[in-house]
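In: Task: produce atomic coordinates for the following.
(4 chains)
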There are 2 protein chains.
Amino acid sequence: MSNLTLEDIARQAGVSRSTVSRVLNDHPNVREEVRRRVLDVIRQTGYHPNAAARTLASQRSLMLGLVLPRSVSSIFSDPYFPRLTQGIAQACNHYNYTLALFLVSSAEDEAKIYPRISRRGLLDGILLQSGQIGDQLMDRLLASNIPLVVIGRPFNPDGVSYIDVDNVNAAYNAVSHLIRLGYQRIATIAGPDNSTVSIDRKEGYARALQERGRKIDPSLIVEGDFTEAGGYYAMQSLLPARPDAVFAASDAMAIGAMRAIHEAGLRIPEDIAVVGFDDLPFAATATPPLTTIRQPIAPLGFKAVEILLDLIENGAQPPRRVIMDTELVVRDSCGALKRRSPG
Amino acid sequence: MSNLTLEDIARQAGVSRSTVSRVLNDHPNVREEVRRRVLDVIRQTGYHPNAAARTLASQRSLMLGLVLPRSVSSIFSDPYFPRLTQGIAQACNHYNYTLALFLVSSAEDEAKIYPRISRRGLLDGILLQSGQIGDQLMDRLLASNIPLVVIGRPFNPDGVSYIDVDNVNAAYNAVSHLIRLGYQRIATIAGPDNSTVSIDRKEGYARALQERGRKIDPSLIVEGDFTEAGGYYAMQSLLPARPDAVFAASDAMAIGAMRAIHEAGLRIPEDIAVVGFDDLPFAATATPPLTTIRQPIAPLGFKAVEILLDLIENGAQPPRRVIMDTELVVRDSCGALKRRSPG
DNA sequence: AAATAAATTGGGAGCGCTTCCAAAACCATC
DNA sequence: GATGGTTTTGGAAGCGCTCCCAATTTATTT
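Out: Have a look, this model is predicted:
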């Protein structure tokens, strides 16, 4: 349709290009009558200013990039990412930014994507999902000097703005809850050691035990990979150690663990209590319904955008840090509703 | 970092702007020695051409938009979208396009997003997830004359290029499978009537029954909303009609149905067989493992991009149509592995 | 070696907008 | 009604690239 330009609108409205531009950008100094006249022409013609020309002239693209690095994009089946994306997209809509999505799924992708990301004139800022240890992408992006907010604490957070959930505290609360309920042999199915999420959740687990004077029993700590199958196998390897409760670092692993427990002929929570992490939709409808930690994933994404806009507006120094709280959702799998809860 | 321009590179390499541009765009007519010299300077300086300037001058942004309309974005918890997105993103990487994501989550969003989408100079083409009946977005986008590929058959497909899975045939195969296994009272949990997906799957169900001379029993057809909870309630309302098999139009609904069946004290597949649709990850680990239809979701997304690039390259006439095949994945929930299967 | 054809290069005119600056129009004041 | 100040408006110079065209260089032919 319309390949109209500013000039065309200006001519039709009987004003100059500059005036139309002012109307478009809500500049104050335009006479009300003229503004109305211009707006009428714009409405009638269905004119939309050309995005590229605007970006080139103003040096702002009103576009943010969301980069999901290779190490995590395989987990794109995890509902975490859709929710995060949704929060981010909502914020972008709200602040009138466009969202560009970069899914890095292979090494080849990474090589192709990086130049595209760091090209000037494309993105005003970047949101990067923090990845595994040793991921070079963050350093490269940081070096490219584009405003950057990392989602999830990076391994080396020096000078980096990031937002994260308080994983340590969340895990601490989950395990404390189990301790209060009287469980003695509390195990954990942790995530892989190469992510800060796993490290933090494991630390929260350890801290809760230690604060109550419990010893950390290495045979009660086993590593999963955040998947259902991983949780299943982890639980199987955990059974000989006879835990009476298990804290899984993700709901998917918790569900896998529950499957393993059931298959072993044990009951939840009578024989083994289970607590997960995430509060995914299926946590509530599992049998038994899963006690878990709810993360504010979409709000986290939304907030990440707000931080990024702040960086764009006001510069990246000092780095911003935001840690969001979680919530323990008590259902049946921890036994709280069956046991006498002391307190 | 570098706010270098073409001109800077040209000066440093001792050539003209045009020559650098030629090198950048792989034009043939550049002396090998000059090309090398220019590339060296580019490499040393870490120069990247400005995207906006390029778009403005060449009238191509190398950017595609993926629009997920309001009616479906609420289902973003459905793994369908992540997978689709992944396929699309992979294709974009492969063909060196950037992907812009438009999640329409409210009416307000829609009003804000539409002008952004149809702004010239931003997108070379659009992928639109087909939505509910009555969704205006498709017509508006069509009218804006930007190359458009719809994912999922739209209600009014006239003149529209689209790609879809063969839902009719898939459902037909699933139900035929149940018929072959000897089930007599085959029910279906359909999706809401306002989407072509639901309509097509229901039609496949009906066609399979009719071809074998079976009557369609309205009491065996009930409507869900593609969620687990919806499947659960749908199954509950189906139980009085005493079905011996049920075809659910999505895995999520199938899982909900299984929960309802178990709660009613019935066995799967002995009392009621279940077949789902999607082959989501949890289908394989459900109890019992779910027989279901596998859709090539990511390949669908990939192909959608290829069609769109074809439209961009060669014009939108005639409209392209691609229908992809599905695959019946037989597991335990249909009873095929227990029953004598009659040939 | 001259004439002609082909390959390579440089210059300039945009692409459609923003934004600075100066001119014009308006206003209130003395 | 002239003066000074404030709004409002128009013109022009870019933003950094592509691409056409003409000029230059190189290769080929007779």
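In: On the three-state scheme, residue A:67 is what?
Out: strand (DSSP: H, G, I helix; E, B strand; the rest coil).
In: give me the number of residues near it?
Out: 26 (other Cβ atoms under 10 Å in any protein chain shown). Glycine gets a C-beta too; all of them are placed from N, C-alpha and C.
In: where are the low-confidence patches of the stretch 1-150 of chain A?
Out: A:1-2, A:70-77, A:134 (pLDDT under 70).
In: Stretch A:33-44 near DNA strand D anywhere?
Out: Yes. Judged by Cβ under 7 Å from any atom of the strand, stretch A:33-44 and DNA strand D are in contact via residue A:34.
In: How far off centre is that stretch?
Out: 42 Å (Cα atoms, centre = their mean, to the nearest Å).
In: Okay, the residue minimising distance to the centre of chain A and DNA strand D: tell me how far apart.
Out: Averaging the C-alpha coordinates of chain A gives a centre point, and the residue nearest to it by Cα atoms, centre = their mean is residue A:84 (4.5 Å). Distance, residue A:84 to DNA strand D, by Cβ to the nearest atom of the strand, to the nearest Å: 33 Å.
In: Quick one: name whatever helix or strand follows the helix or strand where that residue lies.
Out: Using DSSP states H and E, the element containing residue A:84 is helix A:80-94. Next along the chain after helix A:80-94, taking DSSP H and E as the criterion, comes strand A:98-103.
In: Now stretch A:301-313: buried residues?
Out: Neighbour-count burial for stretch A:301-313 flags A:301, A:302, A:303, A:304, A:305, A:306, A:307, A:308, A:309, A:310, A:311, A:312 (criterion: 16 or more other Cβ atoms under 10 Å in any protein chain shown).
In: so what's the fourth one up against?
Out: It stands for residue A:304. Counting by Cβ atoms under 8 Å, 6 or more residues apart in numbering or on different chains, residue A:304 touches A:87, A:88, A:91, A:127, A:149, A:151, A:163.
In: Can you add distance to chain B and neighbour count and give the residues you listed back as CSV?
Out: Listed next are these as CSV, based on distance: Cβ to the nearest Cβ, whole Å; neighbours: other Cβ atoms under 10 Å in any protein chain shown:
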residue, distance to chain B, neighbour count
A:87, 10, 21
A:88, 9, 27
A:91, 11, 23
A:127, 12, 28
A:149, 17, 27
A:151, 16, 24
A:163, 20, 24
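In: all strands of chain A, in order?
Out: Taking DSSP state E, the strands of chain A run over residues A:63-68, A:98-103, A:125-129, A:148-151, A:161-165, A:186-190, A:221-223, A:245-248, A:273-275, A:292-294, A:321-324, A:327-329.
In: residue ranges with poor pLDDT in the stretch 201-343 of chain A?
Out: Those would be A:338-343, if you go by pLDDT under 70 across the stretch 201-343 of chain A.
In: tell me which parts of it are close to chain B?
Out: A:228, A:229, A:232, A:256, A:259, A:281, A:282, A:285, A:287 (Cβ under 8 Å from any Cβ of the partner chain).
In: try 7 Å
Out: With Cβ under 7 Å from any Cβ of the partner chain as the criterion, the stretch 201-343 of chain A comes near chain B at residues A:228, A:259, A:281, A:282, A:285.
In: List the residues that contact residue A:290.
Out: A:251, A:254, A:274, A:276, A:283, A:331, A:333 (Cβ atoms under 7 Å, 6 or more residues apart in numbering or on different chains).
In: burial count for the closest residue to DNA strand C within the stretch 101-250 of chain A?
Out: Here the stretch 101-250 of chain A gets closest to DNA strand C at one residue, residue A:121, 10.9 Å apart by Cβ to the nearest atom of the strand. Using other Cβ under 10 Å, residue A:121 has 21 other residues around it.
In: I figured it hits residue A:61, correct?
Out: Yes. The pair formed by residue A:121 and residue A:61 meets the contact definition of Cβ atoms under 7 Å, at 6.4 Å.
In: so what sits against both of those two?
Out: A:55, B:52.
In: Which residues are in contact with residue A:227?
Out: Neighbouring residues of residue A:227 by Cβ under 7 Å, 6+ apart: residue A:252.
In: And residue A:137, by the same measure?
Out: Contacts of residue A:137 (Cβ under 7 Å, 6+ apart): A:69, A:128, A:131.
In: So it versus DNA strand D, what's the distance?
Out: The gap separating residue A:137 from DNA strand D is 23 Å, by Cβ to the nearest atom of the strand.
In: got the phi/psi numbers for the residue of the stretch 101-250 of chain A closest to DNA strand C?
Out: Backbone torsions for residue A:121, taken as degrees, to the nearest 10, come to phi 80, psi 0.
In: for it, what are its contacts?
Out: Applying Cβ under 7 Å, 6+ apart, the residues near residue A:121 are A:55, A:56, A:61, B:50, B:51, B:52, B:53.
In: Ignoring the adjacent residues along the chain, who's closest to the last one?
Out: The shortest distance from residue B:53 to any residue other than its chain neighbours is 5.3 Å, reached at residue A:56 (Cβ to Cβ, 6 or more residues apart in numbering or on different chains).
In: Point out the residues in the stretch 51-200 of chain A that sit beside DNA strand C.
Out: Counting by Cβ under 7 Å from any atom of the strand, the stretch 51-200 of chain A sits next to DNA strand C at A:53, A:54, A:56, A:57, A:58.
In: So among the residues you listed, which ones count as buried?
Out: The neighbour count (16+ other Cβ under 10 Å) marks A:53, A:54, A:56 as buried among those.
In: contacts with DNA strand D among those, please.
Out: Applying Cβ under 7 Å from any atom of the strand to these, those adjacent to DNA strand D are A:53, A:56.
In: And the buried ones among the residues of the stretch 51-200 of chain A next to DNA strand C, which is closest to DNA strand D?
Out: Closest approach to DNA strand D among these (Cβ to the nearest atom of the strand): residue A:56, at 4.0 Å.
In: Would you check that the closest one makes contact with residue B:55?
Out: No. In this structure residue A:56 lies outside contact range of residue B:55 using Cβ under 7 Å: 8.1 Å.
In: before we move on, the earlier item: roughly how far does the residue of the stretch 101-250 of chain A closest to DNA strand C sit from residue A:60?
Out: 9 Å (Cβ to Cβ, to the nearest Å).
In: distance between the lengthiest helix in chain A and the chain's centre?
Out: The single longest helix within chain A, with elements called by DSSP state H, is helix A:297-314. Its chain's C-alpha centre lies 11 Å from the corresponding centre of helix A:297-314 when counted by Cα atoms, centre = their mean.
In: Cool, thanks, talk later.
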